[in-house]
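Model the following, please.
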Amino acid sequence: MNLKRFFVVVSLIAVAVASRLLPHPPNFTAIGAMALFAGATLQDRRLAFGLPIGVMLLTDWAIGFHAVVPFVYVATLLYVALGQWAGRGQAVNRMSMLRMGGATLLGSIMFFLITNVGCWWAFYDHTASALIACFTAAIPYFQWTLAGDVVFVAVLLIAMGLVESMMPSLRDRSDAANLSSSFR
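Got it, this is the predicted structure:
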(Lines give C-alpha, C1' and ligand atoms only; values in the text may rest on other atoms or scores of the structure.)
Protein backbone atom coordinates (compact mmCIF):
# COMPACT_ATOMS: atom_id res chain seq x y z
CA MET A 1 0.00 0.00 0.00
CA ASN A 2 1.42 3.36 -1.03
CA LEU A 3 0.08 5.64 1.68
CA LYS A 4 2.87 8.15 1.05
CA ARG A 5 1.55 8.86 -2.45
CA PHE A 6 -1.99 9.22 -1.16
CA PHE A 7 -0.87 11.74 1.46
CA VAL A 8 1.18 13.70 -1.10
CA VAL A 9 -1.86 13.94 -3.40
CA VAL A 10 -4.15 14.96 -0.53
CA SER A 11 -1.58 17.51 0.67
CA LEU A 12 -1.37 19.10 -2.77
CA ILE A 13 -5.16 19.19 -2.94
CA ALA A 14 -5.30 20.85 0.49
CA VAL A 15 -2.86 23.54 -0.64
CA ALA A 16 -4.95 24.09 -3.79
CA VAL A 17 -8.09 24.55 -1.69
CA ALA A 18 -6.54 27.58 -0.03
CA SER A 19 -6.88 29.41 -3.35
CA ARG A 20 -10.63 29.44 -2.85
CA LEU A 21 -10.42 30.88 0.65
CA LEU A 22 -7.78 33.55 -0.03
CA PRO A 23 -8.52 36.78 -1.89
CA HIS A 24 -8.41 36.17 -5.66
CA PRO A 25 -9.72 37.54 -8.95
CA PRO A 26 -13.21 36.22 -9.78
CA ASN A 27 -13.06 32.50 -10.69
CA PHE A 28 -9.24 32.37 -10.47
CA THR A 29 -9.02 29.43 -8.09
CA ALA A 30 -7.60 25.92 -8.10
CA ILE A 31 -10.95 24.16 -7.67
CA GLY A 32 -11.25 22.97 -11.28
CA ALA A 33 -7.56 22.05 -11.33
CA MET A 34 -7.92 20.25 -8.01
CA ALA A 35 -10.80 18.17 -9.38
CA LEU A 36 -8.87 17.35 -12.57
CA PHE A 37 -5.83 16.45 -10.46
CA ALA A 38 -7.89 14.21 -8.16
CA GLY A 39 -9.35 12.42 -11.17
CA ALA A 40 -5.95 11.99 -12.79
CA THR A 41 -4.04 10.86 -9.71
CA LEU A 42 -6.46 8.96 -7.47
CA GLN A 43 -7.28 5.49 -8.73
CA ASP A 44 -10.21 4.85 -6.39
CA ARG A 45 -13.25 6.49 -7.98
CA ARG A 46 -14.95 7.11 -4.64
CA LEU A 47 -11.97 9.12 -3.43
CA ALA A 48 -11.46 10.85 -6.78
CA PHE A 49 -15.07 12.07 -6.84
CA GLY A 50 -15.66 12.33 -3.10
CA LEU A 51 -12.62 14.39 -2.15
CA PRO A 52 -13.38 17.38 -4.44
CA ILE A 53 -17.05 17.43 -3.44
CA GLY A 54 -16.06 17.20 0.23
CA VAL A 55 -13.68 20.12 -0.30
CA MET A 56 -16.44 22.10 -2.01
CA LEU A 57 -18.86 21.41 0.84
CA LEU A 58 -16.33 22.50 3.46
CA THR A 59 -15.29 25.66 1.64
CA ASP A 60 -18.88 26.55 0.78
CA TRP A 61 -19.74 26.12 4.43
CA ALA A 62 -16.97 28.61 5.22
CA ILE A 63 -17.72 31.17 2.49
CA GLY A 64 -21.45 30.59 2.04
CA PHE A 65 -23.77 28.55 -0.12
CA HIS A 66 -25.61 30.13 -3.05
CA ALA A 67 -28.27 29.23 -5.59
CA VAL A 68 -25.80 28.01 -8.22
CA VAL A 69 -23.99 25.53 -5.93
CA PRO A 70 -25.65 22.42 -7.44
CA PHE A 71 -24.44 23.46 -10.90
CA VAL A 72 -20.93 24.13 -9.59
CA TYR A 73 -20.85 20.68 -7.99
CA VAL A 74 -21.98 18.99 -11.23
CA ALA A 75 -19.24 20.86 -13.09
CA THR A 76 -16.72 19.80 -10.42
CA LEU A 77 -17.69 16.15 -10.84
CA LEU A 78 -17.26 16.47 -14.59
CA TYR A 79 -13.78 17.92 -14.02
CA VAL A 80 -12.95 14.75 -12.06
CA ALA A 81 -14.22 12.58 -14.93
CA LEU A 82 -12.07 14.58 -17.36
CA GLY A 83 -9.09 14.08 -15.05
CA GLN A 84 -9.68 10.33 -15.03
CA TRP A 85 -9.75 10.31 -18.81
CA ALA A 86 -6.62 12.46 -19.04
CA GLY A 87 -4.67 10.50 -16.40
CA ARG A 88 -5.60 7.05 -17.68
CA GLY A 89 -3.80 5.21 -14.90
CA GLN A 90 -0.45 6.85 -15.57
CA ALA A 91 2.08 8.28 -13.17
CA VAL A 92 2.29 12.06 -13.57
CA ASN A 93 5.59 11.84 -15.45
CA ARG A 94 3.91 9.62 -18.06
CA MET A 95 0.65 11.52 -18.51
CA SER A 96 0.00 13.01 -21.89
CA MET A 97 0.37 16.77 -21.51
CA LEU A 98 -1.72 17.19 -24.67
CA ARG A 99 -4.52 15.17 -23.08
CA MET A 100 -4.24 17.10 -19.77
CA GLY A 101 -4.19 20.39 -21.67
CA GLY A 102 -7.29 19.36 -23.60
CA ALA A 103 -9.02 18.27 -20.41
CA THR A 104 -8.15 21.59 -18.80
CA LEU A 105 -9.57 23.61 -21.69
CA LEU A 106 -12.66 21.40 -21.96
CA GLY A 107 -13.18 21.61 -18.19
CA SER A 108 -13.06 25.41 -18.26
CA ILE A 109 -15.55 25.58 -21.13
CA MET A 110 -17.83 23.03 -19.49
CA PHE A 111 -17.68 24.91 -16.16
CA PHE A 112 -18.58 28.16 -17.94
CA LEU A 113 -21.54 26.58 -19.72
CA ILE A 114 -22.94 24.65 -16.75
CA THR A 115 -22.58 27.36 -14.13
CA ASN A 116 -24.01 30.03 -16.40
CA VAL A 117 -27.05 27.90 -17.13
CA GLY A 118 -27.34 27.75 -13.33
CA CYS A 119 -27.05 31.53 -13.04
CA TRP A 120 -29.66 31.97 -15.74
CA TRP A 121 -31.96 29.48 -14.01
CA ALA A 122 -31.55 31.08 -10.58
CA PHE A 123 -31.39 34.80 -11.37
CA TYR A 124 -32.82 35.52 -14.83
CA ASP A 125 -36.16 35.19 -16.57
CA HIS A 126 -36.38 31.85 -18.32
CA THR A 127 -36.29 33.26 -21.83
CA ALA A 128 -33.85 32.91 -24.68
CA SER A 129 -32.96 36.60 -24.54
CA ALA A 130 -32.24 36.36 -20.80
CA LEU A 131 -30.04 33.30 -21.43
CA ILE A 132 -28.07 35.27 -24.01
CA ALA A 133 -27.81 38.21 -21.59
CA CYS A 134 -26.58 35.89 -18.83
CA PHE A 135 -23.87 34.33 -21.00
CA THR A 136 -22.84 37.72 -22.38
CA ALA A 137 -22.45 39.10 -18.85
CA ALA A 138 -20.32 36.07 -17.92
CA ILE A 139 -17.81 36.30 -20.76
CA PRO A 140 -15.26 38.37 -18.75
CA TYR A 141 -15.21 35.68 -16.04
CA PHE A 142 -14.25 32.91 -18.47
CA GLN A 143 -10.72 34.28 -18.86
CA TRP A 144 -10.19 33.94 -15.10
CA THR A 145 -11.60 30.41 -15.01
CA LEU A 146 -9.34 29.32 -17.86
CA ALA A 147 -6.29 31.10 -16.43
CA GLY A 148 -6.86 29.58 -12.98
CA ASP A 149 -7.32 26.10 -14.42
CA VAL A 150 -4.19 26.34 -16.59
CA VAL A 151 -1.98 27.82 -13.87
CA PHE A 152 -3.11 25.50 -11.09
CA VAL A 153 -3.15 22.31 -13.22
CA ALA A 154 0.43 23.12 -14.20
CA VAL A 155 1.44 23.82 -10.58
CA LEU A 156 -0.18 20.62 -9.26
CA LEU A 157 1.25 18.42 -12.02
CA ILE A 158 4.72 19.94 -11.80
CA ALA A 159 4.72 19.57 -8.00
CA MET A 160 3.55 15.95 -8.18
CA GLY A 161 6.02 15.21 -10.98
CA LEU A 162 8.88 16.62 -8.90
CA VAL A 163 7.84 14.57 -5.89
CA GLU A 164 7.53 11.43 -8.03
CA SER A 165 10.98 12.03 -9.55
CA MET A 166 12.52 12.39 -6.08
CA MET A 167 10.61 9.38 -4.75
CA PRO A 168 9.98 6.90 -7.63
CA SER A 169 7.98 4.62 -5.33
CA LEU A 170 5.21 7.26 -5.39
CA ARG A 171 4.49 6.46 -9.04
CA ASP A 172 2.45 3.46 -7.92
CA ARG A 173 -1.21 4.47 -8.32
CA SER A 174 -2.53 1.58 -6.23
CA ASP A 175 -2.57 3.75 -3.12
CA ALA A 176 -6.13 4.96 -3.13
CA ALA A 177 -7.67 1.58 -4.02
CA ASN A 178 -5.70 -0.14 -1.30
CA LEU A 179 -6.36 2.63 1.21
CA SER A 180 -10.10 2.63 0.67
CA SER A 181 -10.29 -1.18 0.81
CA SER A 182 -8.58 -1.10 4.19
CA PHE A 183 -11.49 0.95 5.58
CA ARG A 184 -14.21 -1.52 4.50
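
in the chain, which segments are predicted with low confidence?
1, 89-91, 93-94, 172-184 (pLDDT under 70).

quick one: the helices in it?
3-21, 31-41, 45-63, 69-87, 97-123, 128-166, 175-182 (DSSP state H).

Turn the ones you listed into a markdown table, columns for mean neighbour count.
(C-beta placed from N, C-alpha, C; glycine too.) As requested, the helices of the chain are exported to a markdown table (neighbours: other CB atoms under 10 Å):
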| stretch | mean neighbour count |
| --- | --- |
| helix 3-21 | 18 |
| helix 31-41 | 29 |
| helix 45-63 | 16 |
| helix 69-87 | 21 |
| helix 97-123 | 18 |
| helix 128-166 | 16 |
| helix 175-182 | 17 |
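
any idea how far residue 136 is from the residue nearest the centre of the chain?
Nearest to the mean C-alpha position of the chain, by CA atoms, centre = their mean, lies residue 35 at 2.1 Å. Distance from residue 35 to residue 136, counting by CB to CB, to the nearest Å: 27 Å.

contacting residues around the residue nearest to the centre of the chain?
Each residue near residue 35 by CB atoms under 8 Å, 6 or more residues apart in numbering is listed here: 52, 76-77, 79-80, 83, 107.

And for residue 39?
So residue 39 contacts 48-49, 79-87 (CB under 8 Å, 6+ apart).

what would those residues look like in JSON lines with distance to residue 18?
Below are the contacts of residue 39 laid out as JSON lines (distance: CB to CB, whole Å):
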{"residue": "48", "distance to residue 18": "20"}
{"residue": "49", "distance to residue 18": "21"}
{"residue": "79", "distance to residue 18": "18"}
{"residue": "80", "distance to residue 18": "20"}
{"residue": "81", "distance to residue 18": "24"}
{"residue": "82", "distance to residue 18": "23"}
{"residue": "83", "distance to residue 18": "20"}
{"residue": "84", "distance to residue 18": "24"}
{"residue": "85", "distance to residue 18": "27"}
{"residue": "86", "distance to residue 18": "24"}
{"residue": "87", "distance to residue 18": "23"}
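
Quick check: the two most widely separated of those?
49 and 86 (15.1 Å; CB to CB).
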